[in-house]
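need a 3D model of the sequence below.
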Amino acid sequence: MSSTATAIAHDISSFSYAQTAVTVAVLYDHGLTFGREIDYIWRRSPSLVTALYLLDRYLGDAVVIIGAYLCLTGDASTQEYDS
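The predicted structure follows:
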């Protein structure tokens, strides 16, 4: 393996670790604030603001989880690099 390919593999590995750390931090924050979300969002009558909040909150979580899945399974980093 050439030094360029080794450097790229190292960068991909580092990115996977960073993506995993971000996923854990986002989900941890979600867990910490879930009680407040129930009080302030779920117990209110539905409105546009409520819908936008929930869309942002859960779509963002889905994107982070899918990104972590792709990094951890190697689906995002299976390309071969030729030097």
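
hey, let's count contacts and neighbours off CA atoms from now on
Will do.

scan this protein for its longest helix.
For the chain, the helix with the greatest residue count under DSSP state H is helix 3-37.

counting by contacts, list what it packs against.
helix 48-73 (3 or more CA pairs under 8 Å, 6 or more residues apart in numbering; DSSP states H and E).

which intervals of this protein have sub-threshold pLDDT?
Low-confidence segments of the chain, defined by pLDDT under 70: 1-2, 5-12, 75-83.

not counting residues beside it along the chain, what's closest to the residue positioned nearest the centre of the chain?
By CA atoms, centre = their mean, the chain has its centre lying nearest to residue 64, at 1.6 Å. Nearest residue to residue 64, sequence neighbours excluded (CA to CA, 6 or more residues apart in numbering): residue 23, at 5.8 Å.

tell me how far residue 23 lies from residue 43.
Here residue 23 is placed at a distance of 27 Å from residue 43 (CA to CA, to the nearest Å).

picking that back up, contacting residues around the residue nearest to residue 64?
Residues near residue 23 by CA atoms under 8 Å, 6 or more residues apart in numbering: 64-65, 68.

and stretch 58-74, how far out from the chain middle?
Centroid separation between stretch 58-74 and its chain, computed with CA atoms, centre = their mean, to the nearest Å, is 4 Å.

neighbours around residue 49, how many?
10 (other CA atoms under 10 Å).
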